[in-house]
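In: Sharing a model that was predicted from the sequence below.
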Amino acid sequence: MVTSTVGFPCMGAKRELKVALEAFWKDALPEDGLRAVFAEVEAAGVAAAAAAGVRLIGVGDASLSGLMADTTSRLGLEAPRHAALPAGLGRYFAASRGTAGVTALDMSKWFGTNWHDLVPEIGVPSPSTAGGAGWGDLVARVRTAQQAVGVDRVVPIVLGPVTYASSCDLSGGATVASVVAAITPSYVEALRALAATGVPEVQMHEPTLVTSAAADARPVYEAAYKELATAGVGMHLVAPYDDLGESFEWAPRLPGVTAVGLDFTTGDNLGLLRKSKWPAGVRLGAGVVDGRSVWAEADAAAATLAAVRAAAGPGVDVAVQPSCTLAHLPLDLAAERKLPAELTARLAFALQKVDLLVKLAAASAEPPREGAALLGSSMDDTIAAAIDEALFSRPASFAERRPQQFTVPGGLGTMSIGSFPQTPAIRRLRAAFKAGRLPAADYTSALDAATVECVLLQRDTLGLDVLVHGELERTDMVEFFASKMHGYAATTAGWVRSVGSLCVRPPIVMGDVSRRDAPMTVREWRVAQDAAGPDVPVKGMLTGPGTLLAWSFPRKDIPRRAQALQLAAAVRAEVADLEAAGARIIQVDEPALREGLPLKRHAWDAALTAATRAFRLATCGAAAGTQIVTHICYSDWADAAVLAALDALDADVLTVENERSGGAALTALAEAGYARDLAPGVFDIHSDVVPAADTMRARVDAFLAAGLSPERLWVVPDCGQKTASPALAEASLTAMVSAATAARAAC
Ligand code: GLN
Ligand code: ZN
């Protein structure tokens with residue numbers, strides 16, 4: 001039975017590529033040096049798959065910035081402001097990071113994963129790909145891999161033309177169909193050049209096939225693949241992250257397609273396979289090894305594989321592969337030293353998943369064994385159903401609550417979103433503490449001193465109306481809470497690339513979740529509130545249950561809903577403790593609310609209901625006089641169900657990213673008639689430039705002109721200041737407060 005990989009982590013065992021990227025950006029490493037590190041990490045991935053015995057090794061999803069970025073430069077579809085820059089890595093990185101006077105492209109989460117890729121801007125006239133860098137880089141990388149493991153084992157990975165075009169920001173009359181038509185000739189050239197190296201097939205990754213948009217795109221797929229087939233090399237169509245849905249009937253029959261890789265770990269491809277006849281001569285790549293989960297599930301994968309073979313019937317050639325690229329997983333479980341043994345026995349990271357592929361293929365002749373016993377947990381849907389309905393509602397309506405809550409005279413209250421700059425000094429303190437070089441008491445008192453300084457800056461220098469403690473003790477808004485809860489395991493080296501060179505270590509839900517260090521945040525809040533004095537409120541700062549779950553590796557044997565409700569119960573207890581300590585305003589961040597939605601539109605309503613219920617369980621214990629703030633960012637608002645869910649959260653204040661998204665959030669909320677307090681961001685926190693007070697004042701005036709009353713309107717940044725420099729954070733917030741003050745005076 002053939003085994004195949006469809007992508008592999010590329011940061012390196014010691015995050016060598018991250019280090020090299022950051023050094024290159026600081027001019028501390030020449031281009032050659034960066035390229036050498038990239039080649040090494042890619043070669044290491046190929047070597048690992050070969051050593052494990054994988055037959056067809058996917059090569060090409062490793063990237064300095066992501067496949068959208070790579071495809072854009074290969075096709076020559078840079079936005080005009082980037083195309084004007086000299087060709088080369090400077091131009092390439094300007095698209096993702098910006099450069100002097102030239103803004104970057106927008107980023108978007110990749111098909112519900114935690115990877116972000118670029119959103120290229122494409123307009124009319126129809127793109128000409130004549131000026132593109134071409135596909136020579138991929139051909140060269142494929143040749144290098146072929147020299148290492150043999151010509152017939154290397155399969156190039158290409159982001160398919162329909163997914164590429166569908167993931168761009170199209171304007172000026174450009175359509176997915178027109179862009180695909182324009183770029184397909186370049187893809188044909190790519191396929192010919194790759195075929196000339198002797199590859200057995202080429203992987204065409206088309207995750208849009210699993211989205212609700214696939215049905216409409218069918219003619220576009222058919223036209224494109226008809227043309228691609230003329231290159232004469234077999235195409236392995238890879239459709240990860242969900243089932244094919246309605247496209248199950250036609251996608252495997254697209255011209256030139258000789259293999260189809262399907263995800264059998266989410267959705268219902270198995271049910272679809274049982275109902276239909278698989279096309280003759282097309283290999284079925286059974287993605288039974290879950291590329292998005294750290295759980296090994298060897299027996300479950302073997303059982304699914306057996307079921308897939310039975311459903312496909314005797315004539316179908318079935319291969320074993322991961323459900324998607326393994327790049328969403330940490331690299332190597334063997335690098336973990338501190339995980340509990342009973343957990344380690346059940347986990348598999350990317351390298352272990354590759355081994356699993358080969359074992360599954362070898363054992364596929366044997367009948368699957370019974371599933372191994374799972375880790376204990378009391379979570380299930382009966383528990384969820386048993387929660388008293390009253391716990392999901394506040395004691396009073398928003399109209400009744402609002403007069404009992406904090407109000408800034410004249411309205412237009414100012415505050416931040418929570419985090420303040422994590423300076424090198426703070427990072428050094430944390431590193432020293434974690435390495436055992438700084439005693440806990442010294443670490444705590446140093447952080448407390450920094451917290452007090454942060455509070456005094458906000459109160460005395462900036463003059464903000466509502467203060468925060470600054471989140472200086474938190475590395476990350478999920479990892480921090482996970483470290484304070486039972487039922488969560490933290491990895492030491494389980495890095496997963498999230499955007500650019502940024503890697504995160506998602507914690508693993510391993511059992512019943514509850515607060516270990518109860519309360520989790522009250523001490524730091526009290527330090528801040530004591531420093532602020534009785535007249536200025538300090539917000540309590542928590543992460544919401546949906547975001548905690550979305551940015552963790554959840555259990556797979558327990559419904560997500562049940563896990564979210566358990567997390568919600570822990571957050572609810574923390575809300576109660578903050579209230580008891582005297583907090584009058586509590587912010588519960590839920591940035592993952594929108595991005596965590598399923599890829600199929602018909603599944604949104606249920607997901608949004610579950611997300612809102614978890615948020616309400618977390619927050620509805622608050623007294624009427626306690627102001628519940630929530631914060632959401634990185635979101636696409638153009639959907640009535642999402643807007644309705646925001647209302648259903650029943651928060652008192654909604655802070656949303658608005659500036660970076662060009663005002664889209666506020667427009668959508670206004671049209672939907674959102675009636676509670678609103679805090680649309682007035683400056684982009686990703687920019688290195690201090691925002692002008694006049695520009696922010698104009699934003700506030702426009703919000704007022706759009707009908708928001710000053711009493712309902714708050715003036716805030718788009719998101720937290722964590723990654724800003726102290727000077728930039730101070731200057732930006734100073735300008736923001738002066739804009740709000742001027743607007744208030746004019747009301
Ligand atoms: N409170 C968090 C912060 O300010 C929110 C971060 C986020 O929304 N991603 O950093
Ligand atoms: Zn945010």
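Out: Right, received. Where do you want to start? Only a predicted model underlies this, so the values are computations on that prediction, with no experimental measurement involved. Ligands and ions are numbered 1, 2, ... in the order given.
In: and the chain, which residues reach ligand 2?
Out: Contact residues, the chain versus ligand 2 (Cβ under 5 Å from the ion): 591, 633, 719. Where you see a C-beta, it was placed from the backbone N, CA and C, and this is true even at glycine.
In: make it 8 Å
Out: Proximity of the chain to ligand 2, by Cβ under 8 Å from the ion, involves residues 417, 589, 591, 631-634, 657, 685, 718-720.
In: Neighbour count, secondary structure and pLDDT added to the residues you listed, as a markdown table?
Out: Formatted as a markdown table, the residues of the chain next to ligand 2 follow (neighbours: other Cβ atoms under 10 Å; DSSP: H, G, I helix; E, B strand; the rest coil; pLDDT from 0 to 100):
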| residue | neighbour count | secondary structure | pLDDT |
| --- | --- | --- | --- |
| Ile417 | 26 | coil | 98 |
| Asp589 | 25 | strand | 98 |
| Pro591 | 25 | coil | 92 |
| His631 | 27 | strand | 97 |
| Ile632 | 25 | strand | 93 |
| Cys633 | 24 | coil | 85 |
| Tyr634 | 18 | coil | 70 |
| Glu657 | 25 | coil | 91 |
| Ile685 | 24 | coil | 88 |
| Asp718 | 24 | coil | 94 |
| Cys719 | 27 | coil | 95 |
| Gly720 | 25 | coil | 96 |
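In: closest to ligand 1 among those residues?
Out: Gly720 (2.1 Å; Cβ to the nearest ligand atom).
In: who are the neighbours in contact with the closest one?
Out: 416-420, 471, 685 (Cβ atoms under 8 Å, 6 or more residues apart in numbering).
In: What about the closest residue to it other than its chain neighbours, how many residues nearby?
Out: Spatial nearest neighbour of Gly720, chain neighbours left out: Ser419 (3.5 Å); criterion: Cβ to Cβ, 6 or more residues apart in numbering. Here the number of neighbours of Ser419 (other Cβ atoms under 10 Å) works out to 24.
In: Read off the pLDDT value for Thr619.
Out: Looking at Thr619, its pLDDT is 98.
In: Mind telling me which residue is nearest the centre of this structure?
Out: Central residue of the chain (Cα atoms, centre = their mean): Asn114, 2.4 Å from the mean position.
In: gap between the two ends of stretch 326-337?
Out: End-to-end distance for stretch 326-337: 22 Å, by Cα to Cα, to the nearest Å.
In: same thing with stretch 332-344?
Out: 11 Å.
In: and if you look at stretch 335-347?
Out: First-to-last residue span, stretch 335-347, Cα to Cα: 12 Å.
In: neighbours of Leu565, just the number please.
Out: Applying other Cβ under 10 Å, I find that Leu565 has 24 neighbouring residues.
In: what do you get for the one 10 residues further on?
Out: Residue crowding around Val575 was assessed by other Cβ under 10 Å; the count is 24.
In: For it, report the pLDDT, please.
Out: pLDDT, Val575: 98.
In: ok, so what distance separates Asp557 from Gly511?
Out: Look at Asp557 and Gly511: by Cβ to Cβ, to the nearest Å, they are 11 Å apart.
In: For the two, indicate the residue with more neighbours.
Out: A side-by-side neighbour count of Asp557 and Gly511, using other Cβ under 10 Å, places Gly511 first with 20 against 14.
In: now the strands for the stretch 251-400 of the chain?
Out: For the stretch 251-400 of the chain, applying DSSP state E, counting those that start in this stretch gives strands covering 257-263, 283-289, 318-322.
In: Which single residue of the stretch 251-400 of the chain approaches ligand 2 most closely?
Out: Using Cβ to the ion, the closest approach of the stretch 251-400 of the chain to ligand 2 is made by His328 at 21.6 Å.
In: any idea which helix or strand of this structure has the worst average confidence?
Out: Least confident helix or strand of the chain, by mean pLDDT, DSSP states H and E, is helix 381-386 with a mean of 68.
In: Where does pLDDT dip in this structure?
Out: Within the chain, the stretches with pLDDT under 70 are 125-130, 365-384.
In: Can you pull the residues of it lying near ligand 1?
Out: Counting by Cβ under 6 Å from any ligand atom, the positions of the chain adjacent to ligand 1 are 417-419, 471, 477, 541, 589, 591, 631, 633, 719-720, 722.
In: ok, so of these, who is nearest Ala310?
Out: Distance to Ala310 across the residues of the chain next to ligand 1 (Cβ to Cβ) is lowest for Pro591, with 42.5 Å.
In: hmm, back to that, pretty sure the residue of the stretch 251-400 of the chain closest to ligand 2 sits against Arg292.
Out: Yes - at 5.2 Å, His328 and Arg292 qualify as touching, with contact defined as Cβ atoms under 8 Å.
In: Mind listing the shared neighbours of these two?
Out: With Cβ under 8 Å, 6+ apart, His328 and Arg292 have common neighbours Thr113.
In: For these two, indicate the residue with more neighbours.
Out: In terms of neighbours (other Cβ under 10 Å), His328 is the more surrounded of His328 and Arg292; the figures are 26 against 22.
In: give me every residue that touches the more buried one.
Out: His328 neighbours (Cβ under 8 Å, 6+ apart): 113-115, 291-292, 496.
In: One more: Gly58?
Out: Gly58 touches 4-8, 155-157, 203, 325, counting by Cβ under 8 Å, 6+ apart.
In: If we use 7 Å, what do you get?
Out: Gly58 makes contact with 4-7, 155, 157, 203 under the criterion Cβ atoms under 7 Å, 6 or more residues apart in numbering.
In: What about Val408, how many residues nearby?
Out: Close neighbours of Val408, defined as other Cβ under 10 Å, add up to 17.
In: got it, and His116?
Out: Neighbours of His116 using other Cβ under 10 Å come to 21.
In: Kindly reformat the strands of the stretch 251-400 of the chain as JSON lines containing distance to Ala51 and mean neighbour count.
Out: Output for the strands of the stretch 251-400 of the chain, formatted as JSON lines (distance: least, Cβ to Cβ, whole Å; neighbours: other Cβ atoms under 10 Å):
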{"stretch": "strand 257-263", "distance to Ala51": "22", "mean neighbour count": "25"}
{"stretch": "strand 283-289", "distance to Ala51": "17", "mean neighbour count": "27"}
{"stretch": "strand 318-322", "distance to Ala51": "17", "mean neighbour count": "26"}
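In: Could I get those in CSV, plus columns for distance to Ser63?
Out: Formatted as CSV, the strands of the stretch 251-400 of the chain follow (distance: least, Cβ to Cβ, whole Å):
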stretch, distance to Ser63
strand 257-263, 19
strand 283-289, 21
strand 318-322, 18
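In: Roughly how far does whichever residue of the stretch 351-500 of the chain sits closest to ligand 2 sit from Glu342?
Out: Nearest residue of the stretch 351-500 of the chain to ligand 2: Ile417, at 5.9 Å (Cβ to the ion). For Ile417, the distance to Glu342 (Cβ to Cβ) stands at 39 Å.
In: Ok, Pro554 next?
Out: Distance of Pro554 to Glu342, given as Cβ to Cβ: 18 Å.
In: what about the nearest residue to Gly132 once chain neighbours are set aside, how many neighbours?
Out: Distance criterion Cβ to Cβ, 6+ apart; nearest residue to Gly132, sequence neighbours excluded, is Gly76 at 2.9 Å. When neighbours are defined as other Cβ under 10 Å, Gly76 has 18 of them.
In: cool, Leu654 as well?
Out: 23.
In: Surely it touches Ala672?
Out: No - judged on Cβ atoms under 7 Å, Leu654 makes no contact with Ala672 at a distance of 11.6 Å.
In: What are the boundaries of the helices in the stretch 251-400 of the chain?
Out: 269-275, 298-312, 341-344, 350-363, 381-386, 398-401 (DSSP state H, counting those that start in this stretch).
In: partners of the very next helix or strand once past the last one, with directions?
Out: Right, the one you point to is helix 398-401. The helix or strand immediately downstream of helix 398-401 is strand 413-414, counting by DSSP states H and E. For strand 413-414, the pairing partners within the sheet under DSSP bridges are strand 714-715 (parallel).
In: Quick one: list the elements packing against the very next helix or strand once past the partner strand.
Out: For strand 714-715, the following helix or strand on the C-terminal side (DSSP H and E) is helix 726-746. Applying 3 or more Cβ pairs under 7 Å, 6 or more residues apart in numbering; DSSP states H and E, one finds that helix 726-746 makes contact with strand 413-414, helix 693-705, strand 714-715.
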